[in-house]
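Engineer: Give the three-dimensional model of this entry:
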Amino acid sequence: MDIPRRLATAAAAWLLATACGGQPEEATELTRAQKDSIVADLPIPGASGVGRAMDARDRANERAARHDSIGRRP
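Structural biologist: So this is what the prediction gives:
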């Protein structure tokens, strides 16, 4: 098995282990952004597209915040 495949397999196993392990009251749920960030770092086809989409979303949110603040008095 090549290294990227091993990393992807290890990451998937880690995600499954953390999602299924522990007591239900101790479990913490990941946000959509946290899950997307994990996927963007995996060495799988299309993962870099997830990262680029997240960057584009962040830029759009920043632009919207700037536009919303135009005309407001401090």
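Engineer: helices or strands up against the worst-scoring helix or strand of the chain on mean pLDDT?
Structural biologist: Using mean pLDDT, DSSP states H and E, the weakest-scoring helix or strand in the chain turns out to be helix 3-20, at a mean of 73. With contacts defined as 3 or more C-beta pairs under 8 Å, 6 or more residues apart in numbering; DSSP states H and E, helix 3-20 has no helix or strand neighbours. C-beta coordinates here come from the backbone N, C-alpha and C atoms, glycine included.
Engineer: Report the buried residues of that helix.
Structural biologist: Within helix 3-20, the residues that qualify as buried are residue 11, counting by 16 or more other C-beta atoms under 10 Å.
Engineer: what element comes up after that helix heading to the C-terminus?
Structural biologist: Scanning forward in sequence from helix 3-20 by DSSP states H and E, the next helix or strand is helix 32-41.
Engineer: residues in contact with that following helix?
Structural biologist: Contact with helix 32-41 is made by 11, 15, 30, 47-48, 50-51, 53-54, as judged by C-beta atoms under 8 Å, 6 or more residues apart in numbering.
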